[in-house]
Structure formats: structure tokens, C-alpha cells
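[1] Okay, here's the prediction I keep looking at, along with the sequence it came from:
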Amino acid sequence: MDIFRHIQVVEREGELLARAAAEAGSDAKVPTCPDWQVRDLLKHTGMVHRWAAAFIRERRMAYRLGGELPDLDGDGLVEWFREGHAALVETLRAAPSDVQCWAFLPAPSPLAFWARRQANETTIHRVDAESARGGQLSLIDVEFAVDGIEELLLGLHARKKSRVRSAVPRVLRVRATDVPGASGASGPPGPSGASDASGSSGSSGERIWTVRLSDGPPVTERGATAAADGEVSGPAARLYPALWNRLPFPQVTGDPTLAELWREKSAIVMR
């Protein structure tokens, strides 16, 4: 996905988040983040939006902490969130494509990094806000869901900070089952019931990742590059928030302890 598309996602998802938060009320519990109420969600995401925009706007070349959280609540807090979100969108749109600033994942450019990172940050927290409000969740575009899975597996969990570790080497397969025009290598079931890599072509419409678990950070490869001990799979728009621990995995096959390990250890530490 390109920068323009990511900025569109930031704009849309922030608007949906603000609307859901206002409807839920700041006292509402956030089921997907059990320690939070909606006020905590708004303060966190609003601070992150301002933090991200400052790196771009001020051309910051080194990490800095985010600002202080506001002493606001209710409608005033929602409006504070909206202001920070609008400023982030404007900053992303106005920035030159070659802007130089700090970023913490590999990307074609710092602007590409921040547009993608904030698109995912805002989308996942929009899911939180809508979960607090109740009712049906807004749809996630399949292309963006796949892109978000890639950022999570190949970016955030490739860092030393990832706590998804296994004393005994294991392999987790992640399979999105509904990606138009996609294909991936897959094979017959392995010893645990998950797919094995035998060199055959995968079904059209699937996108596959192989996550090698060990006592170090996970190593993710595109395709079915090794026999899998366990697999999580489903439509991309369901699999994406599930990998962020916002929804149950649509389907788990093979060794279920790998899905449980992911649930227990995959919370992201950004810095």
C-alpha cells in the first residue's frame, strides 16, 4: 500500500474511533483492553497521534517521549482527540515525500513508516472503541488487513523486544484465506495437522506466512517455507485484529499451544 492510501486509512479510522468513543461514553469499559476505560483509550491514542506528528513536523531525528496526558473527560476529551487526529492527518498530507525524521522500523521512507504505523495504530484502537460501544465492528479492507499483518509479523515482531519466544524451536503458520489474486506455497498436513511445505503451489486467494519461534525474536518468512507445528487462519480482516489480540482466531489447527503462546506473549512494546 502507498502513503496516500495509508493516510486515507488514518483519517477514516480516527473518525470512526472518535464517533464510537463518544457513543460509548468515557466511563465505558474496553473489553479488548481490560485495564482501560474509553477515557484511557482516547488519551493514549490522542497522545500517540501528537507524538507521531511531532517527529514529522519538527524533523526530529532521535526518539523522544510523548507529551503529558490531558486533564479532560467527556466531550472535552473527545474534542481533544479529534484535534490531535486532524493535526496528524494534515501533517502526513503536507509533509514532503523525502522528509527526514526518526523511525523505528525499516520502510521506503520515514513518511511511509509513519503513515503505515499510524494507520495500524488507529485501526486497532478503533476496534477497541467500537468494542466498548458494542454492536457491529466496522469493516477492515482486505488489502489493508494483509498489509497490517505484514507490519506486525515482519516488522514489530522482528525486533528484539518481541516476547514471543519458545525454548524449543516451533513453527507457526499464519494463513489469510481470502486475498484476491494471492497465492502461497502450501502442502499436505504436517505431523500436527498443519500444512507442510512440499513445494506445491497454494490455493489462489491465500496469503501465507511462516513464523519460526525460538529463544530469540520470531523470524517470519512469506510463504509456507517450513513444516508447521500449528496454524492460525481465516479471512484477513478477522485474522489481522486476532493477531493483535482483539478478536479470537477464526481457526486454529495443529498444536493449539502456539496460538495460546501468541495470545500470552505478543503484546507490543513500541520502544
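    Done, it's in. Numbering: from 1, shown residues only.
[2] next helix or strand past whichever strand or helix holds residue 89?
    Taking DSSP states H and E as the definition, residue 89 sits inside helix 74-94. Downstream of helix 74-94, the next assigned helix or strand under DSSP H and E is helix 110-133.
[3] picking up where we left off before, just the buried residues of the helix holding residue 89, please?
    77, 78, 80, 81, 82, 84, 85, 88, 89, 91, 92 (16 or more other CB atoms under 10 Å). C-beta: built from backbone N, CA, C; applies to glycine.
[4] Is the second one in contact with residue 41, as I believe?
    No. Judged on CB atoms under 8 Å, residue 78 makes no contact with residue 41 at a distance of 11.0 Å.
[5] Which neighbours do those two have in common?
    residue 21 (CB atoms under 8 Å, 6 or more residues apart in numbering).
[6] who touches the nearest residue to residue 243 once chain neighbours are set aside in this structure?
    Leaving out its chain neighbours, the residue that sits closest to residue 243 by CB to CB, 6 or more residues apart in numbering is residue 152, at 5.7 Å. With contact set as CB under 8 Å, 6+ apart, residue 152 has these partners: 120, 240, 243, 244, 268.
[7] do the same with residue 156
    105, 162, 268.
[8] which among the residues you listed end up buried?
    For the contacts of residue 156, a burial check counting by 16+ other CB under 10 Å picks out residue 162.
[9] Tell me the one of the contacts of residue 156 nearest residue 26?
    Taking CB to CB as the measure, residue 26 lies nearest residue 268 of the contacts of residue 156, at 24.5 Å.
[10] so what's the closest one scoring on pLDDT?
    Note on residue 268: pLDDT of 90.
[11] Regarding it, what is its secondary structure?
    coil (DSSP: H, G, I helix; E, B strand; the rest coil).
[12] Residue 27 - nearest residue in space that isn't next to it in sequence?
    In space, and not counting its chain neighbours, residue 27 is closest to residue 37: 5.9 Å by CB to CB, 6+ apart.
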